[in-house]
Structures are given as C-alpha cells and as structure tokens.
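*Asks:* Below are the sequence and a predicted model for it; my questions follow.
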Amino acid sequence: MFTPDPLIAAAAIARTRAFAPYSNFAVGAALEAEGGALVMGCNVESASYGLTLCAERVAIVKGVSEGHRRFRRVVVVTDTDRPTPPCGACRQLLWEFAPDAEVVLANLRGVILKYTVAELLPAGFDAGNLGRRA
Ligand code: THU
C-alpha cells in the first residue's frame, strides 16, 4: 500500500500481524502519542471469541503500558471497501486516552475518512463523571 502518511503505513503493517483466525477480519491500528511516539496494534482473537481484543484497544493499552497517557492521532486500517469505524468499547477508551485525537479510518486502496473522537462518542463518560456519588 502506498501512502505518504507514516501513521497510515504503520497501521497497514500492524494489520498484517492480526491474529484473526475466527473472523478472518484483520485490523491494524496506529497511534501517535502526545510526545510523538508511534504505537501499533492489531486485533488478537481468542478461541473463546468473547475475549477478542480489537486493534485499537491493543494499541491503546500497549501505549499506556509504555508510559504514554495521551494520543493525538489514531489510524485504523482494514481491507474493506468502506473503512472500518471503531467499536463502542474502543470508542470509550479513545475518549479516555485520546479525547482530542483525529481518528483516521483508511482502507488499503486509499479511501480515508476522518473523525474526531467526540463525533464518534458524543457525551462520553469519563473520570469527570465520577466526581459526585450518592
Ligand atoms: N475489530 C477491530 O479490531 N477493530 C474494529 O474497529 C472493529 C472490529 C476486530 C475484532 C475482531 O477480531 C474482528 O475485527 C471482527 O469483529
């Protein structure tokens, strides 16, 4: 895949590492951390199905465990006609760790859609909602 955007290229590489023998749906993600570091992730499926981890969440937890707390760009790459939007669980973690990020959804043929995290998850729940408990 040709792309001048290194984050899209990284997500496309991550996609080739997907472990998706049950769905055969390979997803790659790449994050740019606030300090400029690049973090890659792919979906990792489980024989129990329900334990499957999406590429976006793999990238986020990898990044956080490596000391990054905020991400400013997120790319998701799939080999589909329409680029793939993040699932609800991934949107929640994006809201918490990448609230101001640009989310770029791309396919291998260069179709690109761009969103903000707030567009994908309006009125998201986060630490700010835990302030006052009964
Ligand atoms: N998947 C992702 O990794 N990210 C998405 O944005 C959508 C879905 C994965 C989970 C599962 O391994 C496969 O795609 C089919 O749902």
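*Replies:* Happy to help now that I have it.

*Asks:* Every contact and neighbour count from this point should use C-alpha atoms.
*Replies:* Will do.

*Asks:* Note down every partner strand of the helix or strand hosting Tyr115 and its orientation.
*Replies:* Using DSSP states H and E, Tyr115 falls within strand 112-116. Strands that pair with strand 112-116, judged by DSSP bridges, come out as strand 102-107 (antiparallel).

*Asks:* Using PDB, list the CA coordinates for the strand it pairs with.
*Replies:* C-alpha atoms of strand 102-107 as PDB (Å, rounded to 0.1, in the frame of the first residue of the first chain):
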ATOM      1  CA  GLU A 102      -8.000  12.900  14.900                       C
ATOM      2  CA  VAL A 103      -9.300   9.500  14.000                       C
ATOM      3  CA  VAL A 104      -8.400   8.400  10.500                       C
ATOM      4  CA  LEU A 105     -10.100   5.400   9.000                       C
ATOM      5  CA  ALA A 106      -8.500   4.000   5.900                       C
ATOM      6  CA  ASN A 107      -8.600   1.000   3.600                       C
END
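
*Asks:* thinking again about what came up before, what about the strand holding Tyr115, distance to the chain center?
*Replies:* The chain centre lies 12 Å from the centre of strand 112-116; the measure is Cα atoms, centre = their mean, to the nearest Å.

*Asks:* And for that strand, what's in contact with it?
*Replies:* By Cα atoms under 8 Å, 6 or more residues apart in numbering, the residues outside strand 112-116 that reach it are Pro83, Asp100, Ala101, Glu102, Val103, Val104, Leu105, Ala106.

*Asks:* Helices along this structure, start to end?
*Replies:* Assigned helices in the chain, in chain order: 6-15, 55-65, 88-97, 117-120 (criterion: DSSP state H).

*Asks:* who does the first one touch, helix- and strand-wise?
*Replies:* Put plainly, it is helix 6-15. strand 27-33, strand 38-42, strand 71-78 (3 or more Cα pairs under 8 Å, 6 or more residues apart in numbering; DSSP states H and E).

*Asks:* I'm done for today, thanks for sticking with me.
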